[in-house]
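1. next come a sequence and a model predicted from it.
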Amino acid sequence: MSGSQYISEPSRNGEKERSPNQEMLPLTARVNSRDCLEIGGCDVQELVLQFGSPLYILDEETLRTACRQYREALKRYYPGKASAIYASKAWNCLAVCAIAASEGLGIDVASGGELYTAIKAGVSGENLYFHGNNKSRAELDFAVKTGCTIMVDNWLELETLAEMVASCDSPIEIVVRLTPGIECHTHEYIRTGHLDSKFGFDPNQLDRVFASISKQSGLECIGLQDDE
């Protein structure tokens, strides 16, 4: 299969939608009567004159279409329970978080600042997932208060959360991150699944990890995360 069957999903009116993943430019891009590039009804030349260059332009229609197509493709082709989640590292700001959430996506964050931005954008804690391998105690405390799911990356995080349990009114929802020991043939700087990766627990540690979690009634492990 070429994968084309997963692209160009039907839109709400039954017609085929253009896929942002197949387009070099935003979906609303066109050349206007002045022979200038226009995105989202805005003349790019005028935007540069107003805001300066370099200028990053994010098209709302393209973002919403991509969110919707990922969500609907999961629903259509994956039989189990699943959620599409927007990665804040792509671009984290109030508007983007609000748009992604309004389209039914969860948001993953990797710092207290990204978590704060998502909360201020109106994203509920139950739709937030806190990643990262160097979360501070203050960040973990903030995450617990928001009610988001915390991706536990190492022993220090697990021990810190265990200490926080006593002062929590409800269980802390966590996901355990592991390194599966997969040696992908890609650039060494972007590999994350090999055993000596800085992310996650070694598979040989999992028995100890789950034994530790089982002793904490206030920690609720809902799953595993692995990388390739």
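-> Arrived safely, thanks for sending. Numbering: from 1, shown residues only.
2. contacts and neighbour counts: CA atoms only from here.
-> Fine.
3. phi, psi for Thr149 please.
-> Torsion angles at Thr149 (phi, psi; degrees, to the nearest 10) stand at phi -80, psi 130.
4. my guess is it meets Glu173, correct?
-> Yes. Look at Thr149 against Glu173 with CA atoms under 8 Å: they come within range, at 5.1 Å.
5. which one's more surrounded, these two?
-> Here Thr149 and Glu173 are compared on neighbour count by other CA atoms under 10 Å; more neighbours surround Thr149, at 23 against 20.
6. that one pairs with what?
-> Listed by DSSP bridges, the beta-bridge partners for Thr149 are Tyr129.
7. and Ala29, how many neighbours?
-> Taking other CA under 10 Å as the criterion, the count of residues near Ala29 is 18.
8. per-residue confidence for it?
-> In this prediction, Ala29 carries a pLDDT score of 95.
9. which one is it nearest to, not counting chain neighbours?
-> Here the nearest residue to Ala29 in space, its sequence neighbours aside, is Ile39; by CA to CA, 6 or more residues apart in numbering that works out to 4.5 Å.
10. could you check how far that neighbour is from Pro54?
-> Computed as CA to CA, to the nearest Å, the Ile39 to Pro54 distance reads 16 Å.
11. between these two, tell me which one has more neighbours.
-> Ile39 (20 against 7).
12. quick check: that one touching Asp59?
-> Yes. The pair Ile39 and Asp59 qualifies as a contact (CA under 8 Å) at a distance of 7.0 Å.
13. can I get the helix or strand of the chain at the bottom of the mean pLDDT ranking in CSV, CA atoms only?
-> Among the helical and strand segments of the chain, the one scoring lowest on mean pLDDT, DSSP states H and E is strand 219-226, with a mean of 90. Included here for strand 219-226 are C-alpha records, laid out as CSV according to Å, rounded to 0.1, in the frame of the first residue of the first chain:
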residue,chain,number,x,y,z
LEU,A,219,-0.2,6.6,41.9
GLU,A,220,-2.4,5.3,39.1
CYS,A,221,-0.3,3.9,36.2
ILE,A,222,-2.5,3.9,33.1
GLY,A,223,0.0,2.7,30.5
LEU,A,224,3.5,2.6,29.0
GLN,A,225,5.2,4.8,26.5
ASP,A,226,8.1,3.6,24.4
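14. residues of it that come out buried?
-> Residues of strand 219-226 classed as buried by neighbour count (16 or more other CA atoms under 10 Å): Leu219, Glu220, Cys221, Asp226.
15. for Ile39 and Asp59, list the residues in contact with both.
-> Between them, Ile39 and Asp59 share the neighbouring residues Pro26, Thr28, with contact defined by CA atoms under 8 Å, 6 or more residues apart in numbering.
16. all strands for the protein, in order.
-> Defined through DSSP state E, the strands belonging to the chain, from first to last, are 30-31, 37-39, 42-43, 85-87, 106-109, 128-130, 149-152, 172-178, 219-226.
17. could I get the ones you listed as JSON lines with distance to Val165?
-> Written out in JSON lines, the entries for those read as follows (distance: least, CA to CA, whole Å):
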{"stretch": "strand 30-31", "distance to Val165": "54"}
{"stretch": "strand 37-39", "distance to Val165": "49"}
{"stretch": "strand 42-43", "distance to Val165": "51"}
{"stretch": "strand 85-87", "distance to Val165": "27"}
{"stretch": "strand 106-109", "distance to Val165": "22"}
{"stretch": "strand 128-130", "distance to Val165": "17"}
{"stretch": "strand 149-152", "distance to Val165": "13"}
{"stretch": "strand 172-178", "distance to Val165": "7"}
{"stretch": "strand 219-226", "distance to Val165": "7"}
